[in-house]
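1. My questions are about this predicted structure, shown below with the sequence.
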Amino acid sequence: MKALSLKQPWAWAIFHGKDVENRKWHSKYRGKLWIHASKTFDWEGYHWIITNENRLVVNLPLSIKSFAMGAIIGRVNMVDCVKNHGSRWFFGPYGFVFEDPIILGQPIPYKGQLGIFEVPDLIKIPKRR
C-alpha cells in the first residue's frame, strides 16, 4: 500500500480533524494511504496550530513526547487533489483531500520517504469497532 510522510504535528492533526494536506505538487493518486510521521518536528506549524486552536477545533498536546515520530501512525482514504477547498486547513497550492482517518493503536516504526511511496503489505489495519 502507498504511504505519505508528514512532519509532526501535521501527521497528528490528520487524525484530529485535519481533512486536507497541503502540498506544492499535484498527485493523481486516489485510494488508501498510510500516514507516516517523519522524524522532523515542525515547530512553526505547532505554534500556528496553537494560535488557531479555537478556529480549528483541536486541542494540541503540550509535549513533543506526545507525538509519534519515525512511524506509520494511521490510514486515510485520499479522495482528491485540489487547487481550492473550503477546509480551514487548506492553504495550497494543492490540497490532498482525506476521508475516513483511522489511527493505529500503536505506531509502527518505519523509515519515511519523499512523495507518495510504497510500503510492504506487512501492516494490517484493525477493523473498526
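-> All right, it came through fine.
2. so what's residue 98 up against?
-> 14, 18-21, 33, 76-79 (CB atoms under 8 Å, 6 or more residues apart in numbering). In short, each C-beta sits where N, CA and C put it, glycine included.
3. which of those residues count as buried?
-> 14, 18-21, 33, 76, 78 (16 or more other CB atoms under 10 Å).
4. got those residues as CSV, with pLDDT and distance to residue 67 columns?
-> Formatted as CSV, those follow (pLDDT from 0 to 100; distance: CB to CB, whole Å):
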residue, pLDDT, distance to residue 67
14, 95, 12
18, 92, 14
19, 94, 19
20, 95, 20
21, 95, 16
33, 95, 19
76, 96, 17
78, 97, 22
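5. From these, pick the one nearest residue 51.
-> The nearest member of the buried ones among the contacts of residue 98 to residue 51, counting by CB to CB, is residue 18 at 15.3 Å.
6. quick check, nearest of the buried ones among the contacts of residue 98 to residue 69?
-> Distances from residue 69 to the buried ones among the contacts of residue 98, taken by CB to CB, are shortest for residue 14, at 14.4 Å.
7. Start from the N-terminal end of the chain and give the helices.
-> 10-14, 43-51, 53-56 (DSSP state H).
8. before we move on, back to that, closest to residue 4 among the contacts of residue 98?
-> residue 33 (5.7 Å).
9. Now do the contacts for the closest one.
-> So residue 33 contacts 1-4, 75-78, 98, 116 (CB under 8 Å, 6+ apart).
10. can you do 6 Å?
-> 2, 4, 76, 78 (CB atoms under 6 Å, 6 or more residues apart in numbering).
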